[in-house]
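kindly return the folded structure for what I paste below:
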Amino acid sequence: MKIGTKGAVFSDGDGTLHRSHLVVHWMREAVETKQLLPETLRDVDIAEDALDRREGTFHDFGRHVIDIQTKGRLEGMSAFHSEAIGRAVVERYGNHVNTFPRELCRAANDSGLDTFLISGSPMHVVRPFGDVHGIRDVLATTFHVEDGLFTGTIELDWIRDEGKKRAVHLLAEKYDLDLKQSVAIGDTEGDISMLTEVGYPICYNPSRGLRAEAEKRHWPIVAERKDSCYILVWSGWSQRYQLQETPKPIIPDELQTAFNARYHAAYPTP
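Numbers count the residues shown, from 1 in each chain. Down below sits the predicted model:
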């Protein structure tokens, strides 16, 4: 782990800070504006419907979303229109966020710590989303462009092959960060390589795969449902997870005051 001068907060985008999936909103807006053919989203729509009916898995849904970006299906799309679509999506859905990650990022900003967003969604939608929420820097999927059009290939991808691990270290070098005093928060298996690199990993509404990894590594689990939040921390004494009333055990000292105040304001005791 790099030892810099201060910690930071690294957050996943879709399903963590954002309540649903910026990339899917971006794709659907691209279909609406005739930048993509409707059949491009056929497998995504089928997988999402199965997920909504609790008959499919999040893994299957995510795989189809990634396939559209990585297997040349965006070839010929206008980069100019992609940026416009990204701005439109953020204007409409940019404030559809989850409370715990939002307040974590705000507390970091209150405490003078940097916040970073690492996402597999397109940069054209992640960048404006990050700007709305005061994120210092973002790393997201970027596509190769020639003559103003996507060629169908990717220049930078932070989701495959431990990409989020590489992203964390790139940002740590750039901003002189202490990863041991940093927080990372994510919701799926794609975030594991990011979570392993910091001193304070948080598994937020985890997928089945991430939950299994969390239980193996004894990482804290945060579950947010409606207007309630549940923090589960591994107890070495009882050898099982225990419910915590405060987020104190899962964040560094630098964040304690600001985040505890925000947490209790967001989730007041009945």
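
do I have it right that residue 66 meets residue 158?
No. If you go by CB atoms under 8 Å, residue 66 and residue 158 don't touch, sitting 11.5 Å apart. (C-beta placed from N, C-alpha, C; glycine too.)

ok, how many other residues are close to residue 10?
By other CB atoms under 10 Å, 29 other residues sit near residue 10.

spatially nearest residue to it (excluding sequence neighbours)?
Distances taken as CB to CB, 6 or more residues apart in numbering put residue 184 closest to residue 10, at 4.3 Å, once the chain neighbours are dropped.

and whatever helix or strand residue 185 lives in, what's buried?
Following DSSP states H and E, the helix or strand that holds residue 185 is strand 183-186. By 16 or more other CB atoms under 10 Å, the buried positions in strand 183-186 come out as 183, 184, 185, 186.

specify which member of these is nearest to residue 132.
Taking CB to CB as the measure, residue 185 is the one of the buried residues of strand 183-186 closest to residue 132, at 17.9 Å.

hmm, that closest one is touching residue 102, no?
No. Applying CB under 8 Å as the test, residue 185 and residue 102 come out as separate, 10.9 Å apart.

show me the helices in the stretch 51-200 of the chain, by range?
Residue ranges of the helices in the stretch 51-200 of the chain, as given by DSSP state H, counting those that start in this stretch, are 58-70, 79-93, 99-110, 123-132, 163-175, 192-195.

touching the shortest one from outside, list them.
Spelled out, it's helix 192-195. Applying CB atoms under 8 Å, 6 or more residues apart in numbering, the contact partners of helix 192-195 are 10, 12, 118, 162-165, 167-168, 184, 186, 201-203, 210, 213, 219.

let's see that with 10 Å instead.
Contacts of helix 192-195 with the rest of the structure, by CB atoms under 10 Å, 6 or more residues apart in numbering, involve 10-12, 118, 158-159, 161-169, 183-186, 201-203, 209-210, 213-214, 217, 219.

sec struct for the residue nearest to residue 60 when sequence neighbours are not counted, please.
In this structure, residue 60 finds its nearest non-sequential neighbour in residue 47, 5.0 Å apart by CB to CB, 6+ apart. Secondary structure for residue 47, judged by DSSP: H, G, I helix; E, B strand; the rest coil, is helix.
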